[in-house]
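Enquirer: Return atomic coordinates for the entry below.
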Amino acid sequence: MERINRNKLTSKNLIAIGIYNAVFFALVLIIGMIVGIVPVFYLFFYAIGSIALGPVYMLIISRSPKKGTIVISGIIQGLIWTLMGLWHMVIFTTIGGILAEIIANIGQYRKKFYMVLSFVVFILGFYGTSFGVIIFFSDYYIKLSKELGGKADYITSIVNLVHGPMGVIAFIATIIGAVIGGVFGIKLLKKHFDREELSYNG
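Expert: Take a look at the predicted model:
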């Protein structure tokens, strides 16, 4: 019974998850506003942002290393953006959260390799909300962006860039950035993640 209780999310865990997800969202918003000024820079939004978001992600897990933490985080992020008019985001962030949760659980929420991989997958969930939609549902993205006040020239530039070679480069850069952000986060929280060496043996 004690083992079950230790693995169950408590009110303290939920409060911590909520607080740090608010910080996570704030960083996403701030970074997005900065890099979003120029279309080509926007493509590297998550590649750049992941470096700052990695420590927050690892902090969330260190404060609540239990099943459900990452899924809840994905849902929270998606719901916030849904309230801002981007309803499709909750689908991608939830899927990303579920997959990231599975990976983190395999690593017992402590093994460094799995935690970094978990963060990469979590970020790719966000990537899907922005650029995955552009790749597979360009017309929907253009329509939604215009409804939310986006400028036609800017939107067209983003779509063209994503469908070109720069889109592939940005995707690879996002994965690299997420790995760097994940490792950076673990370095900052070394005390929590010091039970296993960062290696492909997990």
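Enquirer: contacts and neighbour counts: CA atoms only from here.
Expert: Noted.
Enquirer: mind listing what's buried in the helix or strand containing Asn13?
Expert: Element membership for Asn13 (DSSP states H and E) is helix 11-35. Neighbour counts over helix 11-35 (16 or more other C-alpha atoms under 10 Å) mark 13-14, 16-18, 20-22, 24-25, 27-28, 31-32, 35 as buried.
Enquirer: show me the contacts for the closest residue to Ala47 other than its chain neighbours.
Expert: For Ala47, ignoring the flanking residues on the chain, the nearest one in space by C-alpha to C-alpha, 6 or more residues apart in numbering is Thr174 at 3.8 Å. Taking C-alpha atoms under 8 Å, 6 or more residues apart in numbering, we find Thr174 in contact with Phe44, Tyr46, Ala47, Ile48, Ser50, Leu124.
Enquirer: residues in contact with the first one?
Expert: Okay, so that is Phe44. Contacts of Phe44 by C-alpha under 8 Å, 6+ apart are Val35, Ala170, Ala173, Thr174.
Enquirer: how many neighbours does Leu188 have?
Expert: 14 (other C-alpha atoms under 10 Å).
Enquirer: just Phe136 next, same as before
Expert: 12.
Enquirer: Report the separation between it and Phe184.
Expert: According to C-alpha to C-alpha, to the nearest Å, Phe136 stands 32 Å off from Phe184.
Enquirer: so where do the helices sit in the protein?
Expert: Assignment of helices within the chain using DSSP state H yields the ranges 2-7, 11-35, 39-42, 45-63, 69-83, 89-106, 112-127, 133-136, 138-147, 152-162, 165-188.
Enquirer: Make CSV out of those helices and add mean pLDDT.
Expert: Formatted as CSV, the helices of the chain follow (pLDDT from 0 to 100):
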stretch, mean pLDDT
helix 2-7, 52
helix 11-35, 94
helix 39-42, 90
helix 45-63, 95
helix 69-83, 95
helix 89-106, 95
helix 112-127, 95
helix 133-136, 85
helix 138-147, 87
helix 152-162, 90
helix 165-188, 95
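Enquirer: Need the residues that contact stretch 184-192.
Expert: Ile51, Gly54, Pro55, Val56, Tyr57, Met58, Leu59, Ser62, Arg110, Lys112, Phe193.
Enquirer: ok, so of those, who is nearest Ile75?
Expert: Tyr57 (14.1 Å; C-alpha to C-alpha).
Enquirer: The closest one: neighbour count?
Expert: 28.
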